[in-house]
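Participant: Sequence first, predicted coordinates after that:
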Amino acid sequence: MKRYLLFIFLIFLLMLSLGCANEKTTDSDGKIVVYATISPQKEMIEAVGGDKINVNIIVPEGGDPHTADLKPSQLADLSKAKIYVMVGSGIEFEVKSMDKIKDLNKNMIIVDSSKGIELIEIGAHQDEGDHVDGEGGKDPHIWTSLRNGKIMVQNIYEGLIAVDPNNKEYYLKNRDDYLEKLDEADNYIINELKDMDNRSFMIFHPSWGYFAKDYGLSQIAIEVEGKEPTLQSLAHTIEEAKEENIKVIFVSPGFSSKAAEIITKEIGGKTEVLDPLAENYIENLKITANKIKNQ
């Protein structure tokens, strides 16, 4: 009888421990809880994870990873996450918040989606040869390259099979299907941009350097080290826009820049939105290519 009661007690403890583990790593529907930093990561993670995961984004579409802070509700939810997929390229939110995120959940696996990606310099003027005028450091906007996106997807896949090895074949098939879509989109953009005569585009914040590098474009940024340009640099930019026959100044959604307005007035042009943080990752890069082509 004593042995029987001991057996029942041990079974109870085992079920209790499994229940606690599940509470920490899965949602109420039993799916793995995954957190990531920015909206473009959401499509990648969902593509690989499929119906096995629930993805939560810290900086949603329309947010600003340069100024974002963790919300109290996110602090509570992060304690249940099994994986955090960081961009890993030095975006401002992660620089100031990753230590806090790691402390919230010591058991959470951190996936660095930039692993294997060569960072390029960011600056006031950047072209396909990585030529930079001015200072700026490394460009954190790695996801604006579909080719970088393929590396990010591989890192996501490796993170998922590390926490859920039983579903490796499922994640593998999803990964391969999505990588094929990335290749198709890359070929689409190559074809869209191959016959462009003017391969320069002007943008306020230099967030499209990797895109420019992939397709032999020249990104001319108005912003200098995160600040509005001086009158001298503004005059130089207006002159450059006229020389390059640029009629469109690209800006981020909801962003108002006096400098961009001054330039468009001087060149008889207009502003148009390019969104580096749109959630519909592949479609957004196709849209970006079309807007640059038709500027």
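Facilitator: That came in fine, so what should we check first? Residues are numbered from 1 along each chain as shown.

Participant: Give me the domain ranges for the protein.
Facilitator: Annotated domains of the chain cover 24-122+139-187, 195-293 [automatic domain parsing].

Participant: okay, these in CSV with mean neighbour count and mean pLDDT next?
Facilitator: Bear in mind the C-beta positions are built from the backbone N, C-alpha and C, glycine included. What follows is the domains of the chain, written out as CSV (neighbours: other CB atoms under 10 Å; pLDDT from 0 to 100):
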stretch, mean neighbour count, mean pLDDT
domain 24-122+139-187, 18, 93
domain 195-293, 18, 91
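
Participant: any chance you could map the strands in the protein?
Facilitator: Under the criterion DSSP state E, the chain contains strands at 32-38, 53-59, 83-86, 109-112, 125-126, 132-133, 200-203, 218-221, 248-251, 270-273.

Participant: wait, which of these is closest to residue 263?
Facilitator: Residue 263 lies closest, by CB to CB, to one member of these: strand 248-251, at 5.5 Å.

Participant: Please report the distance of the closest residue to residue 261 other than its chain neighbours from residue 99.
Facilitator: Of all residues not flanking residue 261 in the chain, residue 271 sits nearest, at 7.3 Å (CB to CB, 6 or more residues apart in numbering). Per CB to CB, to the nearest Å, residue 271 is found 38 Å from residue 99.

Participant: Please apply the same query to residue 58.
Facilitator: 14 Å.

Participant: One more: residue 215?
Facilitator: Distance of residue 215 to residue 99, given as CB to CB: 36 Å.

Participant: And the contacts of stretch 180-196?
Facilitator: Stretch 180-196 is contacted by residues 47, 146-147, 149-150, 153, 199, 214-217, 282, 285-286, 289-290, 292-293 when judged by CB atoms under 8 Å, 6 or more residues apart in numbering.

Participant: if we go to 7 Å?
Facilitator: For stretch 180-196, the external contacting residues (CB atoms under 7 Å, 6 or more residues apart in numbering) are 146-147, 149-150, 215, 282, 285-286, 289-290, 293.

Participant: Between which two of those is the distance greatest?
Facilitator: Checked with CB to CB, the contacts of stretch 180-196 reach their widest spread between 150 and 293, with 22.8 Å between them.

Participant: And the helices in the stretch 101-250 of the chain?
Facilitator: For the stretch 101-250 of the chain, the helices defined by DSSP state H, counting those that start in this stretch cover 146-163, 168-193, 209-214, 231-243.

Participant: The last one - contacts with which helices or strands?
Facilitator: Taking 3 or more CB pairs under 7 Å, 6 or more residues apart in numbering; DSSP states H and E as contact, the helices and strands that helix 231-243 lies on are helix 258-267.

Participant: now the helix it packs on, how far from the chain's geometric center?
Facilitator: How far helix 258-267 lies from its chain's middle: 29 Å, per CA atoms, centre = their mean, to the nearest Å.

Participant: Could you list every helix and strand in contact with that helix?
Facilitator: Using 3+ CB pairs under 7 Å, 6+ apart: helix 258-267 touches helix 231-243, strand 248-251, strand 270-273.

Participant: got CSV for the ones you listed, with distance to residue 170 too?
Facilitator: Shown next, in CSV, are the helices and strands packed on helix 258-267 (distance: least, CB to CB, whole Å):
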stretch, distance to residue 170
helix 231-243, 50
strand 248-251, 39
strand 270-273, 37
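
Participant: Thanks a lot, catch you later.
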